[in-house]
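Asks: 3D, please:
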Amino acid sequence: MNLAETNPLALIVIGFFLVLAGMVIPWLMVLNYIESTYFLNFFAFAASFLGLMLGLIGAAYYVRRSKQ
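Replies: Model (predicted):
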């Protein structure tokens, strides 16, 4: 069994923290606490996108599991 079938809430929590990182990193760049680089910009976008996808997949598995 993979992670999604055993615990879909773990995917939702991981997705939440990735989306949170994707929000906090650009915010810190705007406030000039960290320097804006291509890597950090790409990482923030990727973290936000992956977090959203993991959260949606986790929610879908959670709903599917609760209907069984």
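
Asks: what helices or strands is whichever strand or helix holds Phe45 leaning on?
Replies: Secondary structure from DSSP states H and E places Phe45 in helix 38-67. Counting by 3 or more C-beta pairs under 8 Å, 6 or more residues apart in numbering; DSSP states H and E, the packing neighbours recorded for helix 38-67 are helix 3-6, helix 8-30. (Glycine included, C-beta is placed from N, CA and C.)

Asks: so of these, which one's packed in deepest?
Replies: Compared across those, helix 8-30 shows the largest average neighbour count, a mean of 16 (mean count of other C-beta atoms under 10 Å).

Asks: next, the angle from that helix to helix 38-67.
Replies: Put simply, helix 8-30 runs at 160 degrees to helix 38-67, going by axes from the mean of the first three to the mean of the last three C-alpha atoms, to 10 degrees.

Asks: who are the packing partners of helix 8-30?
Replies: Checked by 3+ C-beta pairs under 8 Å, 6+ apart, helix 8-30 has helix 3-6, helix 38-67 packed alongside it.

Asks: avg pLDDT for the first one?
Replies: Meaning helix 3-6. Average pLDDT, helix 3-6: 60.

Asks: give me the most central residue, the protein.
Replies: Nearest residue to the geometric centre of the chain (C-alpha atoms, centre = their mean): Gly51, 1.8 Å.
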